[in-house]
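1. compute the structure for the input listed below.
(2 chains)
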Amino acid sequence: QKEVEQDPGPLSVPEGAIVSLNCTYSNSAFQYFMWYRQYSRKGPELLMYTYSSGNKEDGRFTAQVDKSSKYISLFIRDSQPSDSATYLCAMSPGSSNTGKLIFGQGTTLQVKP
Amino acid sequence: DSGVTQTPKHLITATGQRVTLRCSPRSEDLSVYWYQQSLDQGLQFLIHYYNGEERAKGNILERFSAQQFPDLHSELNLSSLELGDSALYFCASSVGPDQETQYFGPGTRLLVL
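-> Below you'll find the predicted structure:
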């Protein structure tokens, strides 16, 4: 079983829809949670960074972490065709970890005009 | 643009050969990380250098090696290449030694024939 599970999709939604992307994990030591966006043939781009449990909002993006359920989510409001990309969740235990990130497989999102 | 640069963008080589991938981190960053991305394995951590010293190793094959130079650029050397080494290789950088906020370069696409 992988440490981080992410539904690969693909997920197709109409423009303007609310998108929900999710990851589950098994390692209770994870403290830092990130979402990266990766366009085709490009490097991952950091979207959201959260420490421990709770919500974080940045524009149309909201990240949620529920450590009790070992579940994290990324919500995209008013989705746009430019949001079409692969979204990767990533996690790490924190200061004892030496910076290694554990990634989910990525969810491919397509937003149709 | 993350500020992390990688060369070359594409590399085509034959089995048994050796290649060198190069990464220049953001100007303020002392840490460099190498990741491999393949369709079946996703994004996998290979190795981490901080200020010239190896900090952590992940699933890096013995045929692979890396180093970080005094000017903080890093090179990943892949030798005795096999077909299965074909993948995207990403470099990421961060400010500190245990920094979870990592910024990724555009990647090097390696094809081994």
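
2. what about B:Glu62, how many neighbours?
-> Per other Cβ atoms under 10 Å in any protein chain shown, the neighbour tally for B:Glu62 reads 7. (C-beta placed from N, C-alpha, C; glycine too.)

3. show the pLDDT at A:Thr98.
-> On pLDDT, A:Thr98 comes in at 65.

4. contacting residues around the host helix or strand of A:Val13?
-> Using DSSP states H and E, the element containing A:Val13 is strand A:11-14. Contact partners of strand A:11-14, identified using Cβ atoms under 8 Å, 6 or more residues apart in numbering or on different chains, comprise A:19, A:21, A:79, A:107-112.

5. mind listing what's buried along it?
-> By 16 or more other Cβ atoms under 10 Å in any protein chain shown, the buried positions in strand A:11-14 come out as A:Val13.

6. pLDDT weak spots in chain A?
-> Within chain A, the segments meeting pLDDT under 70 span A:95-98.

7. quick check: residues of it near chain B?
-> Within chain A, the residues that sit near chain B (Cβ under 8 Å from any Cβ of the partner chain) are A:32, A:34, A:36, A:41-46, A:49, A:88, A:90, A:92, A:94-106.

8. try it again at 10 Å.
-> Within chain A, the positions near chain B by Cβ under 10 Å from any Cβ of the partner chain are A:2, A:4, A:6, A:8, A:31-34, A:36, A:38, A:41-46, A:49, A:51, A:88, A:90-106.

9. hmm, back to that, let me know the next secondary structure element after the strand holding A:Val13.
-> For strand A:11-14, the following helix or strand on the C-terminal side (DSSP H and E) is strand A:19-25.
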